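[1] sequence unknown, structure follows:
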C-alpha cells in the first residue's frame, strides 16, 4: 500500500479531451493486455502439465497427443496467447479441476463474499479514519495526534493473518462476543435465497433478521480487521492533506474574519480535500480486495482469496490464473476509476 | 585525535578533502538521526536482531529441530522452555531465534534484488528516453497495476514453494516503485550542467549512468527500501503462512504461525509468539525508515 502514497500517475499531454480519453483508454488497454500476458506466461512456465491434469497419469500416448492438440499446445506461443485472450474476453477461464465447474462460474459465486467483506471494511476505515486524520491534523502534536500516529504505525507493521488469529482467540474463543469462522453459523447456511450473493443484503431482502444478525456477528471481526488496515492508511493521508490545507492563506483569512473553527475546518479545509480523499478511499478499497486473501483464510471466508489459495495448493492452475486475472482487472479498474473521478471532480486537473 | 578534535574535524565549515566532507555529511546526518528517539529505538531493535541471528547457536537454549513428544505444547514459563513448546515439543524460543536468520536472509536478498533491478530499469529509461522509456515504463505500470500478494502467489505457484522462490516472487512484485523513483531522479539530473561537462570530457552513457547518476539516486532508494522492508517481512511471512515460503521443519515465523493456528484456542502461545516477533521487527523497520526519511529527505517531513 505504501507504493501509492508517493506515485503520481502520468497525465496525458494533449489538451483536447478527446485525445486525452483516447490515450487513457489506450493505456488501460495496454495495462490489461500486459496483465493477461503475465498471467499467461505464468501458466506456461508452470511445472504442472495441463494435459496430464486432464487425462491422468495412465492415459495412452495417443490420448495424450489428442488432448495436447485440443488444448492448442502444439501451436506457436503467440497464437496460444491470442486464443487465451479470446477466451478471457468471452469470460471463459477454462474448467476448474477441483470443483469440476467452469472457473468463471466459481468466481462469480465467490466474488460477492469478498466484495461484501471489503466494502464493510472500507466503510469502517472511512468512518473512523477520516475523523481521526482530521483531528490529528487540527491538533497537531497533541496526544490525539500521537495516538493516531501509533495506530497507523502498528497497522503498517502488524501481520494481518496474525492479528486475525488473535482477534478470533480473544473475541470468539475467550469472550464469545462474535461468531466464529465462516459467513454464517452452520445451521443457517443456505437459508436465504441468493440474490446478490452478499449474505447481509440477501437476508435483509428476504426479511430474515435472524440470519442477518448471525451473518453480522460473523462478518464484524474480519471486516473490522480489514477496516483497521484501511484506517491506518486513510487517517495518515487525511492528516497530511489537511495539514496542507490548514497552512494555506485562505484558512488564515477565514479565521481572521472571525469564522468559527468548526466552519473553517469542515466548511473550508475539509471541502478542499474531498477529491483527494476519494482517490485514497478507492485505492484503499482496491487494496482491501487484495488484502483480504489472508484474512479470508483465517476466517474461512469463502471469497476469492480463499478460492485462489485452495486452488493453488491443489495445483488447479485454471482456477489460480482465472482468479488472479479477475482480481487484477478489478484492481486496475478501481485505480482507473479513482483517476478519472479525480480528473472529473478536481477543476485544476482539467 | 581526541573526541573533541574528531568532532571539530567533522563539523568544520571548510573540509580539506572529499573524504572529510563526506564524513562530515554522514556525521551530521547521524546527529539528526540520533535526536529521533523512535528511529533510534527501531535501530536498536534491528541491531539486537542482527546480534541474535549472528549468535543464534550460542543464545538458543535448545536445538530448534529437536523434537520431544513427551513435552509437547508446554505453556509459557515451563522449566527450560521459557516460551513453551510447539506441537512436536520443539522449543519455541530457539525456533524464534533461528527464525530471525531466515527473516534477515529474505529481507536482505529482496532488498538487494528489487532496488537494483528498479535502479537499472529506471535510470536507463530516464537517461535514454524516447521509446525505450515508454516501453520500460509501460512494463513498470503493468507490474504496479497487479495486486502484489496475488501476483506473488501466482509466481510462487509457477516456480514452486520455497524460500528462494518466495524471495524471487516478492522481488518481482517489489521493483516497480524503485524504477519510478530512479527514473524521476534521473530526469532531474540528466540535463544538469555537470552531466554535460562529463559528457564533453568523453564519458559514454554507461559511465555517466553508473558513476554519475546512480550515486545520486541511492539516498532516495535507501529510504524507500527501509520503508518497504516491513512490507517485505509481512509478505514473506504471509507466503510462509500459506505454506508457499520456507518449508517445514524450517523455523520460519510465518510458517510457525500457520502451525500454531490449529491449536489457537487451547494453546495460544504457539501462534502468538512468532507473530509478536514479526510485528516487532517490521515495526522497527518502519520506525527506522521514518527516521531515515527525515534525515535524508527533509522535503517530505510531515
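    Cool, got the structure. This one's a predicted model, so the numbers in the text were calculated from it and none came from an experiment.
[2] Domain-wise, how is chain A divided?
    A:11-89, A:105-349 (automatic domain parsing).
[3] among those, which is the most enclosed?
    domain A:105-349 (a mean of 19; mean count of other Cβ atoms under 10 Å in any protein chain shown). In short, each C-beta sits where N, CA and C put it, glycine included.
[4] Now do that domain: distance to the chain's middle.
    Counting by Cα atoms, centre = their mean, to the nearest Å, domain A:105-349 is centred 9 Å from the centre of its parent chain.
[5] Next: stretch B:234-252.
    17 Å.
[6] swap in stretch B:98-115?
    Worked out by Cα atoms, centre = their mean, stretch B:98-115 lies 7 Å from the chain centre.
[7] hang on, the earlier thing: output the domains of chain A as TSV; include the columns mean pLDDT and distance to chain B.
    Shown next, in TSV, are the domains of chain A (pLDDT from 0 to 100; distance: least, Cβ to the nearest Cβ, whole Å):
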stretch	mean pLDDT	distance to chain B
domain A:11-89	75	3
domain A:105-349	85	3
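[8] and of the ones you listed, who's closest to residue B:276?
    domain A:105-349 (8.4 Å; Cβ to Cβ).
[9] Can you lay out the domains of chain A as TSV showing distance to residue B:26?
    Converted to TSV, these look like this (distance: least, Cβ to Cβ, whole Å):
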stretch	distance to residue B:26
domain A:11-89	38
domain A:105-349	27
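[10] I'd say residue A:34 and residue B:139 touch.
    Yes - judged on Cβ atoms under 8 Å, residue A:34 makes contact with residue B:139 at a distance of 7.0 Å.
[11] what's near enough to touch residue A:155?
    For residue A:155, the contact set (Cβ atoms under 8 Å, 6 or more residues apart in numbering or on different chains) comprises A:228, A:229, A:231, A:232, A:233.
[12] Next, the distance between the ends of stretch A:297-317.
    19 Å (Cα to Cα, to the nearest Å).
[13] So which of the contacts of residue A:155 sit within helices?
    A:228, A:229, A:231, A:232, A:233 (DSSP state H).
[14] Please name the nearest non-neighbouring residue to the third one.
    Once flanking residues are discounted, residue A:231 sits nearest to residue A:129: 4.0 Å by Cβ to Cβ, 6 or more residues apart in numbering or on different chains.
[15] ok, the one you found - contacts?
    Applying Cβ under 8 Å, 6+ apart to residue A:129 gives the contacts A:230, A:231, A:232, A:233, A:234, A:235, A:238.
[16] What residues of stretch B:134-148 count as buried?
    Judged by neighbour count (16 or more other Cβ atoms under 10 Å in any protein chain shown), stretch B:134-148 contains these buried residues: B:136, B:137, B:139, B:140, B:141, B:142, B:143, B:144, B:145, B:146, B:147, B:148.
[17] pretty sure the fourth one is in contact with residue B:182, am I right?
    Read that as residue B:140. No - in this structure residue B:140 lies outside contact range of residue B:182 using Cβ under 8 Å: 10.3 Å.
[18] tell me, what's touching these two both at once?
    Joint contacts of residue B:140 and residue B:182 (Cβ under 8 Å, 6+ apart) are residue B:121.
[19] Disregarding flanking residues, what is the spatial nearest neighbour of the residue nearest to the spatial centre of chain A?
    Geometric centre of chain A, nearest residue: residue A:289, 1.8 Å, by Cα atoms, centre = their mean. In space, and not counting its chain neighbours, residue A:289 is closest to residue A:118: 4.8 Å by Cβ to Cβ, 6+ apart.
[20] so is residue A:66 in a helix, a strand, or just coil?
    helix (DSSP: H, G, I helix; E, B strand; the rest coil).
[21] separation between it and residue A:51?
    9 Å (Cβ to Cβ, to the nearest Å).
[22] ok, now residue B:139?
    Distance from residue B:139 to residue A:51, by Cβ to Cβ: 31 Å.
[23] quick one: contacts for the closest residue to residue A:274 other than its chain neighbours?
    Spatial nearest neighbour of residue A:274, excluding adjacent residues (Cβ to Cβ, 6+ apart): residue A:345 at 7.9 Å. Counting by Cβ under 8 Å, 6+ apart, residue A:345 touches A:274, A:275, A:278.
[24] I'd say the second one and residue A:342 touch.
    Yes - with contact defined as Cβ under 8 Å, residue A:275 and residue A:342 form a contacting pair (6.2 Å).
[25] Would you mind stating the distance between residue B:260 and chain A?
    Computed as Cβ to the nearest Cβ, to the nearest Å, the residue B:260 to chain A distance reads 8 Å.
[26] To clarify, my last question referred to residue B:217.
    Taken as Cβ to the nearest Cβ, the span from residue B:217 to chain A is 15 Å.
[27] Make sure residue B:15 is indeed in a strand.
    No - assigned with three-state DSSP, residue B:15 falls outside any strand and is coil.
[28] The residue nearest the centre of chain B and residue B:282: what is the separation?
    Central residue of chain B (Cα atoms, centre = their mean): residue B:229, 3.3 Å from the mean position. When Cβ to Cβ is applied, the distance between residue B:229 and residue B:282 equals 8 Å.
[29] Can you tell me the SS state at residue A:75?
    At residue A:75 the chain is in coil, as set by three-state DSSP.
[30] ok, it - contacts?
    Here residue A:75 is in contact with residue A:83 (Cβ under 8 Å, 6+ apart).
[31] hmm, 10 Å instead?
    Residues counted as contacts of residue A:75 (Cβ atoms under 10 Å, 6 or more residues apart in numbering or on different chains) are A:69, A:81, A:82, A:83.
[32] OK, contacts around the first one?
    Contact analysis of residue A:69 by Cβ under 10 Å, 6+ apart lists A:51, A:75.
[33] Just give me the neighbour total for the residue in the stretch 151-300 of chain B that chain A sits nearest to.
    Per Cβ to the nearest Cβ, residue B:275 is where the stretch 151-300 of chain B lies closest to chain A, at 3.4 Å. Residue B:275 is flanked by 23 other residues according to other Cβ atoms under 10 Å in any protein chain shown.
[34] now residue B:158
    21.
[35] per-residue pLDDT, it?
    At residue B:158, the pLDDT value in this model is 77.
[36] That one against residue A:44, yeah?
    Yes - contact status for residue B:158 versus residue A:44: in contact at 8.7 Å, counting by Cβ atoms under 10 Å.
[37] Among the buried residues of stretch B:134-148, which pair sits farthest apart?
    Going by Cβ to Cβ, the pair spanning these furthest: B:136 and B:147, at 21.6 Å.
[38] can you pull the buried residues of the longest helix along chain B?
    Longest helix in chain B, counting residues (DSSP H): helix B:92-128. For helix B:92-128, the neighbour count (16+ other Cβ under 10 Å) marks B:92-107, B:109-111, B:113-115, B:117-127 as buried.
[39] before we move on, what about stretch B:34-45?
    Buried, per 16+ other Cβ under 10 Å, within stretch B:34-45: B:36, B:38, B:39, B:42, B:43, B:45.
[40] same thing with stretch B:212-222?
    B:212, B:213, B:214, B:217, B:220, B:221, B:222.
[41] could the residues you listed go into TSV alongside pLDDT?
    Shown next, in TSV, are the buried residues of stretch B:212-222 (pLDDT from 0 to 100):
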residue	pLDDT
B:212	88
B:213	88
B:214	89
B:217	86
B:220	82
B:221	87
B:222	85
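[42] Before I go, just wanted to say thanks for your time.
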